[in-house]
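Chemist: could you look at this predicted model? Sequence included:
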Amino acid sequence: MSKLPKNFLWGGAVAAHQIEGGWDQDGKGPSVADVMTVGGPNKLREITDTVEKDKFYPNHEAIDFYHHYKEDIRLFAEMGLKAFRTSINWTRIFPNGDDTEPNEAGLQFYDDLFDECLKYGIEPVITLTHFEMPLNLAKNYGGFRNRKVVDLFVRFAEVVFKRYKDKVKYWMTFNEINNMMDYSNPVFLWTNVGVQVKAGENPKEVMYTAAHHTLIASALAVAKGKEINPNFQIGAMVSHVPIYPLNADPNNIMLAEESMHLRYFFPDVQVRGKYPNYALKEFEREGLDIPILDGDEEILANGKVDYLGFSYYMSNVVDFNAKETDEINVQGKIPYQVDNPYISVSDWGWAIDPVGLRYTLNRFWDRYQIPLFIVENGFGAVDTVETDGTIHDPERIDYLRQHIQEMIKAVVHDGVKLMGYTPWGIIDLVSFSTGEMKKRYGMIYVDRDNEGNGTMKRLKKDSFDWYKHVIETNGEEL
Ligand code: BGP
């Protein structure tokens, strides 16, 4: 059997706001992530309007990567990573989003960070924004419901594209741009697009308005990036949770098919450069007034992405006999969702489905025929440090092994074109949905707890050596 390509990008992924800390250092301004307090399993994180003195904000210090990045990248290099995915904290560059000049100290930080990666031959894979919109743009502009924010985002993109044009080749515009489809969950609208729905508004209309502006911003950024460096590879990034029918009842097949529009809407626009008919029909049917301006069609058509990056953690199942629900939880429950009787779930209720990854890769490849990139996949679990400092995480290794096996089948057996694999939380970090530290993903442990105590010391877990060997053998030995 043939093998994974030699240049396959084995890596690890994080997001600036979940690791950096230094939230107000060297001129950085507050972002939407900096006013989110701690939640808990199945509880939404609380969004505060401003930083309140008596509240704990886990992202403010996170794992202090801002000061530990050299040590951490040395560990990534030891693991053999060929790619490191992170984001640029927008408010390090434009503290308020609408400042006249960028903040030089912020720009310098990423210069140093990328240099450090390149020193070890690690390719930076950069998300322009991973839930890090300037708080000022969310509060005073209404986030992406306001078209002015499109220009401010594109200006930010232009500044960083120009600055890092010789250091970064792989980019993505918005992290998990499609999370906002779950607009009943205020956290997603807040973190994705800086939007809060007001009483009396149609939340779906607000969401699609912000979605349209975000898609325009993404397309304009892609076009701008290609102008600055035609060799850039600029991708989309979506959260992908495939939706299966519970059984062979044709009603369920059709329900699952239709539910998948929730997942495909954003990549359909970003890859194909135009709105899919099912969305235009939905706008018409529901009388949604979306501010699509003259010229927008052209902008979308000129800003198609080069590749599709996606996160994959779990799958969903629907049954048309189930009661339609709009229940809000951190898993973003969809209408008609039921449990999958064939698979188990993690401690946080995430369905563990490695085959779903191969299925996803094939569905995406068939639909889009552009390179794919698995930029997040991982297992959140509680880890225990033994008295001798070792950390045994066999469940995490199992999860990753099974997913990598299915990924290899998709590439080697099915012929899917895949650029790389960057598992999520290569180093422990603040959980996005819960704000916890105890939901750990890393192969490197960080001594820091839910309350913000700990030495920040880094320790290798068993998965560290395991993944190192996987990379060394290019996936031959798992
Ligand atoms: C994705 C986000 C990440 C990340 C991950 C794991 O949705 O892109 O930012 O955190 O999920 O989720 P959590 O941290 O909630 O376990």
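Modeler: Sure, I can see it. Since this is a predicted model, take the numbers as computed values, not measurements.
Chemist: got a list of contacts for stretch 292-299?
Modeler: The contact list for stretch 292-299, computed with Cβ atoms under 8 Å, 6 or more residues apart in numbering, reads His212, Ile216, Ala219, Leu220, Ala223, Lys274. Bear in mind the C-beta positions are built from the backbone N, C-alpha and C, glycine included.
Chemist: and stretch 280-290, by the same measure?
Modeler: By Cβ under 8 Å, 6+ apart, stretch 280-290 touches Asn202, Lys204, Glu205, Tyr208, Thr209, His212.
Chemist: and the residues you listed, which of them are buried?
Modeler: Among those, those classed as buried by 16 or more other Cβ atoms under 10 Å are Lys204, Glu205, Tyr208, Thr209, His212.
Chemist: which SSE is the third one in?
Modeler: Pointing back at Tyr208 there. helix 203-228 (DSSP states H and E).
Chemist: and that helix, what does it pack against?
Modeler: Under the contact definition 3 or more Cβ pairs under 8 Å, 6 or more residues apart in numbering; DSSP states H and E, helix 203-228 sits against helix 148-163, strand 170-174, helix 186-193, strand 233-240, helix 261-272, helix 296-301.
Chemist: of the ones you listed, which is nearest Glu52?
Modeler: Smallest distance to Glu52 across these (Cβ to Cβ): 16.1 Å, for helix 186-193.
Chemist: list the buried ones in that closest one?
Modeler: By neighbour count with 16+ other Cβ under 10 Å, helix 186-193 contains the buried residues Pro186, Val187, Phe188, Leu189, Trp190, Thr191, Asn192, Val193.
Chemist: flag every buried residue along stretch 281-294.
Modeler: With burial defined by 16+ other Cβ under 10 Å, the residues of stretch 281-294 counted as buried are Glu282, Phe283, Leu288, Ile290, Ile292.
Chemist: how about the CA coordinates for it, as PDB?
Modeler: Below are the C-alpha coordinates for stretch 281-294, written out as PDB (Å, rounded to 0.1, in the frame of the first residue of the first chain):
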ATOM      1  CA  LYS A 281     -34.400  29.800  -1.000                       C
ATOM      2  CA  GLU A 282     -34.300  29.900   2.800                       C
ATOM      3  CA  PHE A 283     -33.800  33.700   2.800                       C
ATOM      4  CA  GLU A 284     -36.700  34.000   0.400                       C
ATOM      5  CA  ARG A 285     -39.000  31.600   2.200                       C
ATOM      6  CA  GLU A 286     -38.500  33.100   5.600                       C
ATOM      7  CA  GLY A 287     -38.400  36.700   4.300                       C
ATOM      8  CA  LEU A 288     -34.900  37.300   5.700                       C
ATOM      9  CA  ASP A 289     -33.500  40.600   4.700                       C
ATOM     10  CA  ILE A 290     -29.800  40.100   4.200                       C
ATOM     11  CA  PRO A 291     -27.800  43.200   3.100                       C
ATOM     12  CA  ILE A 292     -26.200  41.800   0.000                       C
ATOM     13  CA  LEU A 293     -24.900  44.800  -1.900                       C
ATOM     14  CA  ASP A 294     -24.200  45.200  -5.600                       C
END
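Chemist: compute the first-to-last residue distance for stretch 245-255.
Modeler: 7 Å (Cα to Cα, to the nearest Å).
Chemist: the buried ones among the contacts of stretch 280-290 also near the ligand: which ones?
Modeler: Among the buried ones among the contacts of stretch 280-290, proximity to the ligand is found for none (Cβ under 6 Å from any ligand atom).
Chemist: quick one on the thing from earlier: tell me which two in the contacts of stretch 292-299 are the farthest apart.
Modeler: His212 and Ala223, at 16.7 Å, using Cβ to Cβ across those.
Chemist: ok, for Tyr399, nearest residue in space, not its chain neighbours?
Modeler: If the residues on either side of it in the chain are set aside, Tyr399 comes closest to Phe379, at 3.8 Å by Cβ to Cβ, 6 or more residues apart in numbering.
Chemist: is Met407 in contact with Gly420, as I believe?
Modeler: No - using Cβ atoms under 8 Å, Met407 makes no contact with Gly420, being 10.1 Å away.
Chemist: find residues that contact each of those two.
Modeler: With Cβ under 8 Å, 6+ apart, Met407 and Gly420 have common neighbours Ile374.
Chemist: low pLDDT regions in this structure?
Modeler: 1-2, 40-43, 323-332 (pLDDT under 70).
Chemist: what parts of it come near the ligand?
Modeler: Residues of the chain lying close to the ligand (Cβ under 6 Å from any ligand atom) are 15, 18, 175-176, 239, 311, 376, 380, 424, 431-434, 439.
Chemist: which members of those residues occur in helices, if any?
Modeler: Gln18 (DSSP state H).
Chemist: circling back to that earlier point, can you pick out the most distant pair from the contacts of stretch 280-290?
Modeler: Applying Cβ to Cβ across those, the maximum distance is between Asn202 and His212, 14.5 Å.
Chemist: how far does stretch 192-208 stretch from start to finish?
Modeler: 13 Å.
Chemist: how many residues are close by the nearest residue to Leu429 once chain neighbours are set aside?
Modeler: Nearest non-adjacent residue to Leu429, counting by Cβ to Cβ, 6+ apart: Gln18, 4.2 Å away. Using other Cβ atoms under 10 Å, Gln18 is surrounded by 28 other residues.
Chemist: separation between Gly200 and Val206?
Modeler: Computed with Cβ to Cβ, to the nearest Å, the distance linking Gly200 and Val206 is 11 Å.
Chemist: which residue of these two possesses the greater neighbour count?
Modeler: Taking neighbours as other Cβ under 10 Å, Gly200 and Val206 compare with Val206 leading, 22 against 5.
Chemist: check contacts around the more buried one.
Modeler: Neighbour list for Val206: Arg145, Tyr183, Leu189, Val195, Val197 [criterion: Cβ under 8 Å, 6+ apart].
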